[in-house]
Each structure stands twice: as C-alpha cells, then as structure tokens.
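Peer 1: structure for this input, please:
(one chain, ligands or ions: 1)
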Amino acid sequence: MSTHTITIIGGGASGTLLAVQLARQARAPFTVHLVEQHGPPGRGVAYGTLTPAHRLNVPANKMGAYPDQPGHFHEWLLQNGHTFAPDAFVPRQLYAEYLQAQLQAAMESGAIQIELVHDEAIDIEVEQVQATSQQDPSLRGAGLSAHEAIPNKALVILASGRRLASDAVVLAFGNFLPPQPSFLSPQAAAAPKYFGNPWQPDLAARIGPHDRVLMLGMGLTAVDTLLSLQAQPHSGPLFAISTHGWWPAAHELGHSYPDFSTELAGLTSLPAMLPVLRRHLRAAAAQGSNWRAVIDSLRPSTQALWQQLPLAEKRRFMRHLRRLWDVSRHRMPQECAAALDAMHASQLHSLQGRVTAIEMAGSEFSVSYRSRGQLHSLRVDAVINCMGSESNYSRLPSRLVQNLLTRQLIQPDALAQGLEAAPDGALGSRLYTLGTALKGVLWESTAMPEIRAQAHDLAALLLKSLS
Ligand SMILES: Cc1cc2nc3c(=O)[nH]c(=O)nc-3n(C[C@H](O)[C@H](O)[C@H](O)COP(=O)(O)OP(=O)(O)OC[C@H]3O[C@@H](n4cnc5c(N)ncnc54)[C@H](O)[C@@H]3O)c2cc1C
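Peer 2: I've put the predicted structure just below:
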C-alpha cells in the first residue's frame, strides 16, 4: 500500500471537490484525509443552508463540478427528479447534495482511500518528523511500519489530539465569519439579538415576527437574510445599511458580448483599462446587449488582468471601484430582486450611510449613523452582521490560522484579502490552498466556476509532487 497521504483542511465545496479530483486523477492508491469541523462534507457556509429561498447565484447549467462539464449539475438534477430549467437559480441546499454525491462516487471508486475526519485542525508542524509509528499510533494510519522514520512529513494536529502525518496539506478553509465592527459596544456584541454569524441556520427563528431588524451590509448575505425572515413570515420593520446604499444588481440572462480581453492585456493601470471598458459598455447598450454581458465576458480573463496590475493599482481598485465591481459582478436572481422590491414597498428601508455606534438602551439597540453629513439614529430589536467574510487573516479568531501565522507558514497577502501564495495555490513547505484564500492573488477566486478549475489543477499539482 502507498504511504502517501494528503490532508485537506475544510470539507466545504473546495475541499470536497479537491478530494473528488484527486480520486479522478489518481494513477496509484494513496490516502486523503478530509478534515471538517462542522457538518457533513460538501456543505460549508454556502451550501449548508436549509432555507429553500436561498438560491444559487449562478444558473444551474454553469454550476457543474468539473471544468470540462459545466452542465453536469443540471444533468444531475434531472437524473434525480428535479425538473429545473438549465438557467434556473436552484436552491443552494441541492448543490450540497450534488457535491456529496460526487464525493460518494469518488469514495466508492476505490481509486484512493478518502477518510472523512470530523475534527478541527488547530496546527501544522512541517519540520522533519522524528516520531515513529510505534510512538504515535495515528501514524500507523499512513501505512507506516513500527520504527520507520518519517521523512519530512507535515503533521496536521487536530483538536482531538490526533495527528495526521501528511505529504501535502491543503488549506481549504473558505469563508470565515464577518469581522466584529469596532462601532459595536461590548454590551451590544454580547446581546442575545446581535447575530455575528449571519449564516447560522436558526437565525430567522430567533427573531420575533414584529421585531425591528437592522442588517449591517447590503450584499448577497443580507439578501439571504431578508428572504429567511420573509419565509417566517416577518411583519416588523427591516433596515439595511451600507456605505454606498447599493444592493447587488439582478441577473438578466439571455445577453452575450464578445470577448475583448486582448484589448486589456498588457495594460497596467486603471486609467488605461477603464476607457476600454467604458467603450464596450456603450457598444453593448447600442447593440441591444447589456452591461452584465460585458462584465461576464471578462470572467475568464479577470484573474490574468488582476495579476498584471501593480500593487498600487490594485489598492486603487479596492478604494474606488471595489463596491461597484461587487454589486455588478455578484448579482442576485430576478426572483430575489422581485422579493426585495415587494419588501421595499411594505417594510424594508435601505439606508446609505456609515454606522458610528451601536449601543444597548435597555433591550433595544441604539444605532447612530452618518449619512450625507448628517447624524441619524435608529432603535431596533435585532442586529445582523452581513458585512461579509473576514478576509484579514491576522484578525481571524481561528486557532489554526493564528498558529500558522505564528509559525510563519502563512502570511496575509498585501491587500489583506487572503493569503500570500503562488497563483496555483502553493504556499511553500508542503502547504497549498485554493478558493477564497487566493482572492488577493487572483481576485476572482470565490465562486464555483473558478474553484472547480482550481480543484482540478491543484489535484494534478499534488499528484505530481507525490510522484
Ligand atoms: C452565503 C454564500 C452563498 C454563496 N453562493 C454561491 C453560489 O450560488 N454560487 C457560487 O459559485 N458561489 C457561491 N458562493 C461562493 C462560495 O465561497 C463558494 O461557492 C464555495 O462554497 C466556497 O467553498 P469553500 O469550501 O471554499 O468554503 P466554505 O464553504 O467556507 O467551507 C470551508 C469549510 O472549512 C471548514 N473549516 C475551516 N477551518 C477549519 C479547521 N481549522 N478545521 C476543520 N475544518 C475547517 C469550515 O467548517 C467549512 O465547512 C457563496 C458564498 C456564500 C458565503
């Protein structure tokens, strides 16, 4: 039996797809440990939702798990009795079932041994390992005989005390909870109706039907939260605030626009790129196409365009264009936009402004915010943090991340959007990553069309490193 072992930390979509790709591409048997601290694999933050109103924000026929088969998910839906149109925005929980089915098939193929480890990884040691399998029973799982020295393996240390000797370790830890805002008083942060985790499944059920609720942030997570409340149902007033006051744009399918990325290749500043983009936006409008199609036509080349920008230009993008990019690129299905419109007509108030303080006043939250130079205040019964996943790794409360930072095995990228890494995910010292952690390096790195390609390519890289 092969003694090779790969440990994947994180059993969300990224880690699960990587395990599947390792099985599909393996030429000889080896062991994969897929370590997930929470529920079953394939779910993670995005697909762990049990609310049917939470939909994928990518049409079904583009969500296939394999880069060469974008329609695979839609085919699976039909084979499993779900009659959705190819361009439907399907409930996200079905995507978890799909990924689990892919993993199950990979495990049953017997190409490699995939062990699902329900545990939290808390540290990694990458020094020369002196232990023998006799001293450390967990090492016997890697197929080592007694007293055999382990050449330069990485040891993944789990909260249970188990240690996984690994030839390579992949950090697939994905999305973290949103940062705790500095304007939140300690009392407000500890209040029962402050929700720092907008993805907790019972969130809507813990809010009274008449409560006044404030959402911090107006991205796709705030949209999800509103849909969860609507499903309860909820009749109290709802508020959402963000610095720009913009909701994500709604999808409008059926438009296309030709690839013009060669006109942007080699341009290394935003002032050089933007006139090209504006020209194509005008051309799309004139031709009866749509600005969305122009943005989408850039998707296959976004990573390359991002990498050709110098750091100062990336910073400039983050300061001036990021919000506009986010609401244009990360769009919501029309059904969700229609639901929001209906809520706006009755109970939803969208606010543009900057929150300056949230304090407790009895059992209520007293919220102060500044908008167009004026200070405003608001009283609500519940506050939900929908500010998006914390991307600054130095601030993350994860034990694993803090230990890896201390050991200098990882470091935040210069934009604090993820980790400093090679574009292929290599972090050095037998460590690799994929998905959200590569956002600073690749910019477009958080959604399935990119993650499935990364899982495919990283599996090939890992297999090469083992041979
Ligand atoms: C709410 C939401 C909706 C989204 N919807 C879409 C969509 O419709 N289409 C799309 O393409 N993309 C969507 N995305 C983007 C999403 O990031 C990816 O599609 C994908 O789900 C990311 O998966 P992941 O495995 O990288 O991260 P995650 O889903 O965050 O999974 C990471 C996993 O790692 C585990 N983990 C972390 N640290 C440890 C540790 N130390 N030990 C053990 N386990 C650990 C976590 O418990 C978690 O389960 C969405 C994202 C969010 C947040």
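Peer 1: can you tell me the closest non-neighbouring residue to the closest residue to the ligand within the stretch 151-300 of the chain?
Peer 2: As assessed by CB to the nearest ligand atom, the ligand sits closest to Gly174 within the stretch 151-300 of the chain, at 1.9 Å. Every C-beta, even on glycine, is put in place using the N, C-alpha and C of the backbone. Nearest residue to Gly174, sequence neighbours excluded (CB to CB, 6 or more residues apart in numbering): Gly12, at 4.7 Å.
Peer 1: just to revisit the earlier point, the residue of the stretch 151-300 of the chain closest to the ligand should be in a helix, yeah?
Peer 2: No: secondary structure of Gly174 (DSSP: H, G, I helix; E, B strand; the rest coil): coil, not part of a helix.
Peer 1: wait, it sits on Thr436?
Peer 2: Yes: counting by CB atoms under 8 Å, Thr436 is a contact partner of Gly174 at 5.3 Å.
Peer 1: name the residue in the two with the higher neighbour count.
Peer 2: Neighbours were tallied for Gly174 and for Thr436 using other CB atoms under 10 Å; the higher tally belongs to Thr436 (24 against 21).
Peer 1: what sits against that one?
Peer 2: Thr436 is in contact with 14, 174-175, 389, 391, 418, 445-446, counting by CB atoms under 8 Å, 6 or more residues apart in numbering.
Peer 1: follow-up on the earlier one: tell me who's in contact with the residue of the stretch 151-300 of the chain closest to the ligand.
Peer 2: Contacts of Gly174 by CB under 8 Å, 6+ apart are 10, 12-15, 44-45, 435-437.
Peer 1: give me phi/psi at it?
Peer 2: Main-chain dihedrals, Gly174, degrees, to the nearest 10: phi 60, psi -130.
Peer 1: what of Met332?
Peer 2: Taking degrees, to the nearest 10 as the convention, Met332 sits at phi -110, psi 150.
Peer 1: the residue lying closest to it once chain neighbours are set aside in helix, strand or coil?
Peer 2: Taking CB to CB, 6+ apart, and ignoring the residues beside it in sequence, Met332 has Pro248 as its nearest neighbour in space, at 4.8 Å. Applying three-state DSSP to Pro248 yields a three-state assignment of coil.
Peer 1: isn't Pro248 right up against Pro333?
Peer 2: No: using CB under 8 Å, Pro248 is not in contact with Pro333; the gap is 10.1 Å.
Peer 1: which is the next helix or strand following the helix or strand encompassing Arg282?
Peer 2: Assigned by DSSP states H and E, Arg282 falls within helix 270-286. Following the chain from helix 270-286 toward its C-terminal end, the next helix or strand by DSSP H and E is helix 291-297.
Peer 1: pLDDT of that next one, averaged?
Peer 2: Summarised as a single mean, pLDDT over helix 291-297 is 97.
Peer 1: could I have it exported to CSV, CA atoms only?
Peer 2: Once side chains and other backbone atoms are set aside, the C-alpha atoms of helix 291-297 remain, and they are given as CSV (Å, rounded to 0.1, in the frame of the first residue of the first chain):
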residue,chain,number,x,y,z
TRP,A,291,-23.6,45.8,-19.3
ARG,A,292,-23.9,42.5,-17.4
ALA,A,293,-22.8,40.6,-20.5
VAL,A,294,-19.7,42.9,-20.8
ILE,A,295,-18.7,42.1,-17.2
ASP,A,296,-19.4,38.4,-17.8
SER,A,297,-17.3,38.3,-20.9
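Peer 1: that helix packs against which elements?
Peer 2: Where contact means 3 or more CB pairs under 8 Å, 6 or more residues apart in numbering; DSSP states H and E, helix 291-297 is packed against helix 270-286, helix 322-329.
Peer 1: in the last one, what counts as buried?
Peer 2: For helix 322-329, the buried set under the neighbour-count rule, 16 or more other CB atoms under 10 Å, comprises 323, 326-329.
Peer 1: can you narrow these down to the ones near the ligand?
Peer 2: Near the ligand, taking CB under 6 Å from any ligand atom as the test, no member of these is found.
Peer 1: looking at those residues, spot the one nearest the ligand.
Peer 2: Sorting these by distance to the ligand puts Arg329 at the head of the list, at 11.8 Å, by CB to the nearest ligand atom.
Peer 1: still on that earlier bit, buried set for the helix holding Arg282?
Peer 2: So, applying 16+ other CB under 10 Å, buried residues of helix 270-286: 270, 273, 277, 280-281, 284.
Peer 1: want to throw those residues into CSV with pLDDT and distance to Gly39?
Peer 2: CSV is the format used below for the buried residues of helix 270-286 (pLDDT from 0 to 100; distance: CB to CB, whole Å):
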residue, pLDDT, distance to Gly39
Leu270, 97, 42
Met273, 97, 42
Leu277, 97, 41
His280, 98, 43
Leu281, 97, 42
Ala284, 97, 42
